[in-house]
Every structure is written in structure tokens, then in C-alpha cells.
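> please work out how this folds:
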Amino acid sequence: MPKIAEIEDTPNPNALKFTLQEPLTWGMSHSYENAGQAEGDELARALFAIEHVTNVFYVDRWLTVTQDGAAEWKELVRKIAVPLRAAPGAGAQSAATVAAARAGFDHLSERDRDRLDEINLLLDEQIRPYLQGDGGDLHILELDGDRLVVHYQGACGTCPSSISGTLRGIENLLRTIEPDIEVVAA
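Predicted coordinates for the structure are as follows:
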């Protein structure tokens, strides 16, 4: 039963970041762009049941909720707090679920897995902390040759600067280790 430690604005005016006193997950992010995607997630389903909620993203000790811009945050925060406080903590998350989520790149060659590890390390060190600080994150969907497909999560998913400046900045950073890489958002 996580308690809310802090509520922060994000660069996206339609998203708020909730920092929690205990984790909801252990390193596995959950990102939903609509209620249909959240079918198997009780917390996300409860949040989407709240009028005006359009996106739910959570990992470890924080959750970001995005709204459609038609609600007052003060009222919406009170409604969000109810299912958030009722949610089970990270202890309920199974190791099998985490392993399944990480198995999506099994088809890559050993060389491409090494490349992906190096890319993730650079993103973990220089990009993700800033995105997470703003209530979002970045998930790699695919590495195909010199094309890296990423997906913004949480507040970053609907923030106008994520597709323009941030995406180009990520590509420029990754070109320090992969000179021919092209980064695209999906």
C-alpha cells in the first residue's frame, strides 16, 4: 500500500509525477496509452477509470499520470490518490514477469546484444535519469542494423519537446559510440 511522498509538476503541463515512499515495481516499467492496454493491470485500470486520465506510467517509486487537459489537477490528484494508495507494493511482482519483459531481444546476434547493452548503458547514465526526473522514461523497442526504435513513456510520451529536441539529442549522444545510428520514436 504505497504512500505518496511528493507530487511534482513535469515539463508536460498535462502530466504530474507522484513519488512514493515504497516501490510499486522492482525495475520493471508499466506504460499504458489507453485503458485497453491496461487490461491486465489493476492499478492502471483503476486510474483510467478516472475521467480525463489519458496515460499511466509507473516504475519503482514513482508514477506519472497524464490527463487530457480538461480537468483541474487539484481535484484529479484526490481521485488518483485513492487507487494509488490501494495498490500492492513491489513485493507482489513476480520474477517471471520481469524475465518475460526482458526477453524481447533474444533474436539479436551476440554482436547486436553487445551493441544494445552499450547503448542502454549510455542511456542509463546520461538520458534516463533526466527523463525520469521529469516523470517519463525511454524504452527501446527495436535495434535493426543502424536503426534504433524508441518509445517515450509517461510525461515524455505526450511532451512536444520529446520528439524534437530530446530525440535529436539522444541520437547525437549515441553517435559518439555508434556513428551511423538513426534514432526514431514510435
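> quick one: Arg85 and Leu24, what's the gap?
11 Å (CB to CB, to the nearest Å). Just so you know, the C-beta spots here come from the backbone N, C-alpha and C atoms, and that holds for glycine as well.
> the two: who's more crowded?
The residue with more neighbours, out of Arg85 and Leu24, is Leu24; 23 against 12, by other CB atoms under 10 Å.
> excluding chain neighbours, what is closest to that one?
Using CB to CB, 6 or more residues apart in numbering and skipping residues adjacent in sequence, the residue nearest Leu24 is Tyr58, 5.2 Å away.
> name the helices or strands packed onto the helix or strand hosting the one you found?
Using DSSP states H and E, Tyr58 falls within strand 53-59. Applying 3 or more CB pairs under 8 Å, 6 or more residues apart in numbering; DSSP states H and E, we find strand 53-59 packed against strand 30-32, helix 42-48, strand 62-67, strand 136-144, strand 147-154.
> one step back: hmm, His30 and the residue nearest to Leu24 touching each other?
Yes - applying CB atoms under 8 Å, one finds Tyr58 in contact with His30, separated by 5.3 Å.
> okay, the two: which has more neighbours?
The residue with more neighbours, out of Tyr58 and His30, is Tyr58; 30 against 20, by other CB under 10 Å.
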